[in-house]
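In: What shape does this take:
(2 chains)
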Amino acid sequence: MSVNLALLIVMGALYACGIYLILERSLTRVLLGLMLLANATNLLILATGGYAGLAPLYSKDIGAGDYNDPLPQALILTSIVISFAVTAFMLGIIYRTWVLARRDEIQDDVEDLRVAETPSFDAEDDAEIPAETSEFPLATVTAGGRELPAGQAAAEEKPGSNNVPPSPEGGGK
Amino acid sequence: MITVLAVHFSVAVLAPFFFRAWGRNAFYPLAVVPAASFVWLLFQHAPVYSGTGAVAEVVPWIPGLRLEFAFRMDALSWVMSLLVLGVGTLVLFYCGRYFKRKDQDLGAFGAQLLAFAGAMFGLVVADDLLLLFIFWELTTILSYLLIGFARTRLAARRSALQALMVTTAGGLAMLVGLIMLGHAAGTYRISAILDQASGLVGGASGAMVGAAVVLILVGAITKSALVPFHFWLPGAMAAPTPVSAYLHAAAMVKAGIYLVARLAPGFSETAYWQPVVLGLGLATMLVGGYRALRQTDIKLILAYGTVSQLGFLTMVVGLGTPDAALAGLAMLLAHGLFKATLFLVVGIIDHQSGTRDVRKLSGVFSSARALGIVAGIGAASMAGVPLLGGFVAKESVLEAFVHHAEDPAAGPWGMLVLAGIVLGSVLTFAYSARFMWGAFAVKPGVERTPFKAIRPSFLAAPAILSLLTVVYGLWPVPADAWIQPYAALFASTGHDAGSPAEQAGHLALWHGFSPALGLTALTFALGLGMYFGRNAVSKAQSKVPDWVDADRAYQLTIGALDDVAVWITGRTQRGSLYFYLAVILSVAFVLPLATILVDGKPLPEGIYLVDPGSPLQLVVGAGIIIGALAAVKANKRFLAVLMVSVTGYGIALMFALQGAPDLALTQMLVETIILVAFVLAMRSLPAELRDRTGGKYRVVRVIIGLGFGATMVFAAIFAMGARIATPVSLQFPQLAYEGGGGLNVVNVTLVDIRAWDTFGEISVLALAATGVASLIFVRGRGDRIQASALVAEGSVGRHHGVDPGSRDGAALAISRRFAAAARDAWLVAGRTLAPERRSIIFEVVTRLVFHSLVIFSLYLLLAGHNLPGGGFAGGLTAGLALTIRYLAGGRFELREATPVSAGALLGIGLAVAAASGVVPLLLGGQVFQSAIIQFWLPVFGDIKFVTSTIFDIGVYIVVVGLVLDVLRSLGAEIDEHFEERAAAPADDQDGLTAETTVKGNA
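Out: Sure thing, here's the model as predicted:
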């Protein structure tokens, strides 16, 4: 099989530039990087077609091998139009990000960062709970420094309520 | 059996409605379900105990997975069902008075409890390993819901979760074991597996069966709360007391015992069975008994008592001799009766006095004598006092273990186990006495507990159970008959062994003076001693430190698991897209590159730098690379966009040079429209494009970029060099001409040969267009823009806040004067645009070019079958025409140019394309089959029409819809945002009032 090194080198350069751009924080640059990647991929598919040839417009006198391969061409045509749609969609996203946050940047995910800082203490699992000796309590119990009817204390006993004593790390509140 | 199950589950579904109608009294109709099933069960006695000794029902379920609803009721199932349904009935009945009228969520609770009874019944009659597992997990989930009934209480939530975790962990191990066993046996039918058990154990897969049995035992151990998993059961005390009663007496924990009993006839001889069953059972019995003596909550005394009894039961049913099997089921029945009684009594005490604390309860017996007697019978049976069910069962258990100890095969372990059982029984006697003392005795120094009178309907359930305990003790003959067929399964077939009944012995109140009776007497003496010396005992216990607390170990394990999970999440989920991409891309290039290097394959042949057919490619390629590098370096937004466009146009050239005119055409059009879209969308963003990542990261990015690019080059070289087959596309030209009736092979490929692919693509286009529109319009598709005739002249896009005295102001005034001149407009809605935004030249050019462009686009569409062009190129050209009109005349011009909304266009296009696929099917052909129609028209002459052109028309319409959506969203709607923002602060101050005119069309 034939391998067109010129096309492949151009493709490699486009991939390198595209990858460099999508590793950037600016959304616009990321989009440009994606477009370069799409172009590079189209070149890759084109290169699979082999040598340059005649345009695939059928004529009885031309042998099948003399045309440039039509199958990669059909695939690329699909890819070009899809890339257009994706680019338009990304533009919509960039505009919306700008309108909402006045930023053209990819932000770090705050929720992920919060997870990383989660303390080991979890009130639901680790808080000390007073032993309960009745489902029908009449007496009062001491909970969170207050005297209150035990039934009420039980009802209030949710993570974060005053009945759950705070841990050394400050959880439970 | 299937009917019984169906009734249980369907009534459970309806239960919430009952509770809405009748409040807590709805428990009574619910209790009717297990009660009626119990009566049905009694009628099943005759068929089960005659003939083959079992009743079976099989309904296929998923034959491909060999799953079936296989149910089988034999003696063991029948006895278990007695307990499950009987105790279930009484517990539901008891609930009707236990809960208060104002209690919340009773509907769900009742439904779960009834479903729990149903699942437990299903478990004991299932004859398929996987079906058994399904019911097993059902009881786990339902017990989770029932234990967590008081969901506002932390203790309830936590214990429910703990029970769920422990039992499902065991359940998973069990599932593996069940599958291994079923696989080894070649069937999942339990009865069939037990029939061939001896062959399996001794056969080739004996080791596998041994391991499977151990895994199944792990499931049974966790479910039955054996050491080291015993801690969840006392924790499950957070459940309402009726649930605890059912859980401890007849369901859930009994499932593990049932499983041991079910497998014992076949597998008690396997290598690990006896050590696991006897060792863990004995440990559990002693630990449970010891800890029961330390509790101050009477419910906890019972809970640890259950732990102890479960260890005891496991040992007996797992021993695998006929007399032990008889004794085991007898004990199971006795335990179910007395434990349910005692829990229900605890519920009544709690309900009437408001506490279960031993240190607060005093003098309850004098307030509630009937309750005391009922409880006394239960506790005495638990301790094994003569004349009661517990005594009868325990006598035969002791006898079985005496035999076991005498058996030379058991060695010294037999004596040890017997001694352990006696010690456990002493502890049992002691905590039974402690329970009675704690609940009912008058304690010096504690004031008498106020105790409300008990309604007879509340006391009925425990009273019936204690009555049965007495009957069982005095007349054990029926129970003996029920169990004998099960015990016979263990009978030795040796000729000197005697009949099965002789091997098993019989349940009786009086066996004569036997070693067992002596051990009982010893137990009572020691137990009484422990009771009277209880102060000394508790002093001794308080001196012993908590060596190992399994509950604490569980907490630590779960806590450590949480911490590890958080640590790993925190290290991998950094929240930075850069980080993720860098990792993914590095892997993507390092792995293939390393493979290529390690493999050390020579480069394939046929590599050339200059294509002999088109040497110009080198020049264009250099241009593309320069464009890409400039795009990377550019620090102005539009410069970067332009540079990317340079590469795009370069690629179009590359296509042309390679011999792909269709691609070149389409790429050109797309690049142009993208450029417009970019400019429209990025109007409001700052012009500067700063590189915000630091130097260190930039090096990493360069490395990843270069590495990835190089990898792709090599991967492509090797991939292409590896091709050996003739390309399928060599047939395409012939196919296209003869089958597709077109000369343009690429177009025929798109609309005919690979029409499915293209249909998928235009669906994606429609989705993306809708996505763009919804990102910008946010609400709806924004098809509401008004006709230009209703818009005031020169009102769109006015400049505001320009000083009339300045130079800009003067220019503005001039342009406004010109625009006001009366003459025919070039564009329909041109007049709506603010004068300063209009360009006469542009309007004239648009006027001249627009229609030609649309005609050209139609030409491309129709000619595309034979010449370069087609639906995509045509649609994009039409889109370009629309773009020009929008740029020249503003958003109302766009509205005038497209009477059909973008959404409708997308829909129509997809519908046309789909129709061209479906209609051939209706005409008897295949999907997307095309036909060639030839006819003659005046002027045009002979016409050859290929039906796949209709598909191409659909593509055309979808592409026009896509471009229109992009223009409407990124163009028109953003215009409007701008104007709203501009108009808000400065309200038309320059005096030129806009007048509404109703002019005709241009």
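
In: Pull the contacting residues for the closest residue to B:Met315 other than its chain neighbours.
Out: Nearest residue to B:Met315 in three dimensions, chain neighbours excluded: B:Gly281, at 3.6 Å (CB to CB, 6 or more residues apart in numbering or on different chains). Where C-beta positions appear, they are placed from N, C-alpha and C, glycine not excepted. By CB atoms under 8 Å, 6 or more residues apart in numbering or on different chains, the contact list for B:Gly281 reads B:226, B:311-315, B:318.

In: can you tell me the helix or strand for B:Leu247?
Out: According to DSSP states H and E, B:Leu247 maps onto helix B:241-249.

In: what do you get for B:Gln352?
Out: helix B:322-353.

In: how far off helix B:241-249 does that helix point, in degrees?
Out: Here helix B:322-353 runs at an angle of 170 degrees relative to helix B:241-249 (axes from the mean of the first three to the mean of the last three CA atoms, to 10 degrees).

In: Just confirm yes or no for the helix holding B:Leu247 near chain A.
Out: Yes: using CB under 8 Å from any CB of the partner chain, helix B:241-249 comes into contact with chain A via B:Thr241.

In: chain center to the helix or strand following that helix: distance?
Out: Reading on from helix B:241-249 to the C-terminus, the next helix or strand found by DSSP H and E is helix B:253-267. Relative to the centre of its chain, helix B:253-267 is centred 31 Å away, using CA atoms, centre = their mean, to the nearest Å.

In: for residue 45, what are its contacts?
Out: Using chain A here. Counting by CB under 8 Å, 6+ apart, A:Ile45 touches A:72, A:75-76, A:79.

In: that answer is for a different chain, and I need it for chain B
Out: When contacts are counted by CB under 8 Å, 6+ apart, B:His45 touches B:Trp78.

In: and B:Val87, backbone torsions?
Out: Torsion angles at B:Val87 (phi, psi; degrees, to the nearest 10) stand at phi -60, psi -40.

In: Nearest spatial neighbour of it, chain-adjacent residues omitted?
Out: B:Ala250 (3.9 Å).

In: rewinding a little: of the contacts of A:Ile45, which pair is most distant in space?
Out: Based on CB to CB, the longest span within the contacts of A:Ile45 runs between A:Pro72 and A:Ser79 and measures 10.0 Å.

In: more crowded one of the two?
Out: Taking other CB atoms under 10 Å in any protein chain shown, A:Pro72 and A:Ser79 do not tie; A:Pro72 has more neighbours (24 against 18).

In: can you tell me the helix or strand for the more buried one?
Out: helix A:70-101.

In: now for the helix or strand following that helix, which elements pack on it?
Out: Next helix or strand after helix A:70-101 toward the C-terminus (DSSP H and E): helix A:110-116. Counting contacts by 3 or more CB pairs under 8 Å, 6 or more residues apart in numbering or on different chains; DSSP states H and E, helix A:110-116 packs against helix B:550-572.

In: hmm, try it at 6 Å
Out: Packing contacts for helix A:110-116, counted by 3 or more CB pairs under 6 Å, 6 or more residues apart in numbering or on different chains; DSSP states H and E, involve no helix or strand.

In: Excluding residues flanking it in the chain, which one is nearest the residue positioned nearest the centre of chain A?
Out: Nearest to the geometric centre of chain A sits A:Asp109, at 9.8 Å (CA atoms, centre = their mean). Once flanking residues are discounted, A:Asp109 sits nearest to B:Gly575: 3.5 Å by CB to CB, 6+ apart.

In: Compute the number of surrounding residues for the one you found.
Out: B:Gly575, neighbours per other CB under 10 Å, totals 17.

In: Go ahead and confirm it touches A:Asp108.
Out: Yes: the criterion here is CB atoms under 6 Å, and B:Gly575 meets it with A:Asp108 at 4.4 Å.

In: show me what contacts the residue nearest to B:Val87?
Out: With contact taken as CB atoms under 6 Å, 6 or more residues apart in numbering or on different chains, B:Ala250 is in contact with B:83-84, B:87, B:336.

In: Now with 7 Å, please.
Out: B:83-84, B:87-88, B:336, B:340 (CB atoms under 7 Å, 6 or more residues apart in numbering or on different chains).
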